[in-house]
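Enquirer: Here's my sequence, what's the structure:
(2 chains)
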Amino acid sequence: MPIEFPILNFFALSPIIVVIVLALIVMVVDMLSQDKTALGYLSALGLLGALIPCVTLLNQTKSPTFQNMVVSDGYAVVFYIIFIIAALLSILIALTYLEERGMQQGEYYILILLSTCGMMLMAASTDLIVTFLGLEIMSIALYVLAGFNRRLISSGEAGLKYFLLGAFASAFFLYGVAFIYGATGSTNIHDIGTWFTDNPSYQSNPIALVGLALLIIGFAFKVAAVPFHWWTPDVYHGAPTSATAFMAVGAKAAGFAALVRILSISFGGVFTVQWQVAISLLAVITMTGGNIAALAQKDVKRMLAYSSIAHAGYLLVGVAALPPTGDELYRVQAVSGLLLYLMSYTFINIGAFAVVALLEKRGEIGTKLSDYTALSTRQPFIAFVMLLFMFSLTGIPPFIGFWGKWYVFWAAVDAQLSWLAAIGMINSAISAFYYLSVVVQMYMRTEPAGDEAVPIALPAPIVVTVAVTAMFTLLFGLWPTPLIDLMSLGMFG
Amino acid sequence: MIGAVPLSYYLLLSAILFTIGAGGVLIRRNAIIILMCVEMMMNAVNLTFVAFSSYLDSATGQIFVFMIMVVAAVEVAVGLALLVELNRHKEAVNIDEFNSLKG
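Expert: Down below sits the predicted model:
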């Protein structure tokens, strides 16, 4: 029997391949060079290069490749762009942040790049095996990044907590996949969907339903949805701020990338009522829980951790709005709303974390709200961009965060989930309290007498990050059309 | 088909193993035992996969088991490294003693 070689379309995966090769190059250069900062610049440049094949792929006809294991459709490519931007900006934060705290090591950049590969695989995968591998490639690199600051016990603690709960969540995810496989005989996302269509008598199969429930629990851990969120504040608080920025944005986006694809393709026609109800309930408690806990925080980094839980809740509103069977137009709306939200969240949140990194004290977790007192007189530019980010996170027009929320809630209304959108809006109003308290602290409080103002150093790479994210926040807030057009390309192939 | 033992027995056994593992993660306070409990959950999943694979006469499940075994090994390596690193700061394996993060 002749051996048949499968047709492998390497071009479809070129962004992932570029990032993997880049990680390997950085690994080799790391051994040869003493200048670790240069590695960071090399990684950043390489990631910029990885955007080029993404742009080419956006205009390609899409077809699954690698034995239907992955597909580079518009949906995946838009996520590639989100992950690459997140990695790029967080590397720029890390360059001086690590240097100042004595942890400038090449491994940091390698791990960020490998984690990005995992995220990209999750977005592209059409088989649960690849989803699982992508999830683990991403997570294992993130566990190490969270514990990267070896001088602080809090960082190691963050790493260990993230690791234990992450592995716990993976087990749930896997058990879910095992049941889905047992019920349908396949791990391919499309085949699972087709199997249910072909076998209508199995459409209420309890094994598949249990599998789906466990799968959703696994993802709920990964995207930090209440009640599976306990690890989030500690991990985000203890990890180096540059790594927190990356995982808050990247890991969340990757989790949603895989979840949305699986729910809408495999389970677009079965158990729709069940998962829609489950996701809606998760959304409600995640938004409310995250926001209420954030109100009590006296530490900006921890407050942003809770706010990221709340944002996972708003995103879950968008997932719940993925309509059951049929209406393609509504699905396009919901998916592009989610993509827009994630893209804008990437810019705003990394910008906010960059400001936190800039003001953070050395040798401890120095991110207290009181450190921001009268920042407007000490550093007017930094205070102003932080104000932009806080307004944007609240969802106040005309900043970019508003448009993300607008489209996600609109999708919910179209999906007859107006009550969910209403709860989302109430929650946005609650969130204004704690976001604006940072602004009040910066602009309306005067510095306590006798406290000599510590001069704030402004290293160039972080200032560039802050300026770029602030510019996008403002520019696309006023003129969102190009971004919305890009997101409407992000459809399943 | 799995010889004389019906599929449901395998599923029941793996469900019991998974529950013991999950319960252990939630109840035990020793980080290494928690790690072992997670491994137990993974192996319960492996058993489920192999049982279904044999029942359905499909190889996918067994391939998946290999992937899980590799990932589990990697997770142990990373997890123990993190724990060793943490032990430099504080000689403890009890997760309740790692409480520098609060809020």
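Enquirer: mean confidence for the top helix by length along chain B?
Expert: Ranked by residue count and defined by DSSP state H, the top helix of chain B is helix B:60-89. Helix B:60-89 shows a mean pLDDT of 94.
Enquirer: which other helices and strands contact it?
Expert: helix A:128-146, helix A:153-184, helix B:31-56 (3 or more CB pairs under 8 Å, 6 or more residues apart in numbering or on different chains; DSSP states H and E). The way it works is simple: take the backbone N, C-alpha and C, and place the C-beta from them, glycine included.
Enquirer: measure the nearest residue to B:His89 once chain neighbours are set aside to A:Arg101 for me?
Expert: In this structure, B:His89 finds its nearest non-sequential neighbour in A:Ile153, 4.0 Å apart by CB to CB, 6 or more residues apart in numbering or on different chains. Taking CB to CB, to the nearest Å as the measure, A:Ile153 falls 14 Å from A:Arg101.
Enquirer: Kindly report the same for A:Phe256.
Expert: From A:Phe256 over to A:Arg101 (counting by CB to CB), the distance is 31 Å.
Enquirer: Dump the helices and strands packed on helix B:60-89 to a markdown table, plus mean pLDDT and distance to A:Asp30.
Expert: Shown next, in a markdown table, are the helices and strands packed on helix B:60-89 (pLDDT from 0 to 100; distance: least, CB to CB, whole Å):
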| stretch | mean pLDDT | distance to A:Asp30 |
| --- | --- | --- |
| helix A:128-146 | 96 | 15 |
| helix A:153-184 | 94 | 21 |
| helix B:31-56 | 95 | 29 |
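Enquirer: Tell me which of these lies nearest to A:Trp419.
Expert: Across the helices and strands packed on helix B:60-89, the minimum distance to A:Trp419, taken as CB to CB, is reached by helix A:153-184, at 28.1 Å.
Enquirer: of A:Phe256 and A:Arg101, who's got more company?
Expert: A:Phe256 (25 against 18; other CB atoms under 10 Å in any protein chain shown).
Enquirer: wait, does the host helix or strand of the more buried one contact chain B?
Expert: With elements delineated by DSSP states H and E, A:Phe256 resides in helix A:241-261, which encompasses its position. No: interface with chain B: helix A:241-261 contributes nothing (CB under 8 Å from any CB of the partner chain), its closest point being 12.5 Å away.
Enquirer: angle of that helix against helix A:128-146?
Expert: Here helix A:241-261 runs at an angle of 160 degrees relative to helix A:128-146 (axes from the mean of the first three to the mean of the last three CA atoms, to 10 degrees).
Enquirer: Quick one: mean pLDDT for helix A:241-261?
Expert: On average, helix A:241-261 scores 95.
Enquirer: now the angle from the longest helix of chain B to helix A:128-146?
Expert: 10 degrees.
Enquirer: list the buried ones in helix B:60-89?
Expert: Using 16 or more other CB atoms under 10 Å in any protein chain shown as the test for burial, helix B:60-89 gives B:60-61, B:64-65, B:67-68, B:71-72, B:75, B:78-79, B:82-83, B:85-86, B:89.
Enquirer: Tell me how far it lies from the chain's centre.
Expert: Averaging C-alpha positions (CA atoms, centre = their mean, to the nearest Å) puts helix B:60-89 10 Å from its chain's average.
Enquirer: same check, this time on stretch B:53-69
Expert: Offset of stretch B:53-69 from its chain centre (CA atoms, centre = their mean): 17 Å.
Enquirer: which one is the residue nearest the centre of chain B nearest to, not counting chain neighbours?
Expert: By CA atoms, centre = their mean, the mean C-alpha position of chain B lies nearest to B:Glu39, the distance being 2.4 Å. In space, and not counting its chain neighbours, B:Glu39 is closest to B:Ala72: 6.2 Å by CB to CB, 6+ apart.
Enquirer: quick one, what contacts whichever residue of the stretch 301-450 of chain A sits closest to chain B?
Expert: Chain B sits closest to A:Arg302 of the stretch 301-450 of chain A, with a gap of 4.8 Å, by CB to the nearest CB. When contacts are counted by CB atoms under 8 Å, 6 or more residues apart in numbering or on different chains, A:Arg302 touches A:Pro233, A:Tyr236, A:His237, A:Thr367, B:Gly103.
Enquirer: cool, A:Gly46 as well?
Expert: With CB under 8 Å, 6+ apart, A:Gly46 has these contacts: A:Val18, A:Val19, A:Leu22, A:Ile25, A:Val26, A:Leu113.
Enquirer: so which of those is the most crowded?
Expert: Tallying neighbours with other CB under 10 Å puts A:Val19 at the head of those, with 28 neighbours.
Enquirer: list the contacts for that residue?
Expert: Residues in contact with A:Val19, defined by CB under 8 Å, 6+ apart, are A:Gly46, A:Leu47, A:Ala50, A:Ile84, A:Leu113, A:Thr116, A:Cys117, A:Met120.
Enquirer: need the residues you listed in a markdown table with secondary structure and pLDDT, can you?
Expert: Putting these into a markdown table (DSSP: H, G, I helix; E, B strand; the rest coil; pLDDT from 0 to 100) gives the following:
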| residue | secondary structure | pLDDT |
| --- | --- | --- |
| A:Gly46 | helix | 96 |
| A:Leu47 | helix | 96 |
| A:Ala50 | helix | 94 |
| A:Ile84 | helix | 97 |
| A:Leu113 | helix | 97 |
| A:Thr116 | helix | 97 |
| A:Cys117 | helix | 96 |
| A:Met120 | helix | 96 |
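Enquirer: Out of those, flag the one nearest to chain B.
Expert: For the contacts of A:Val19, the nearest to chain B is A:Cys117 (14.6 Å; CB to the nearest CB).
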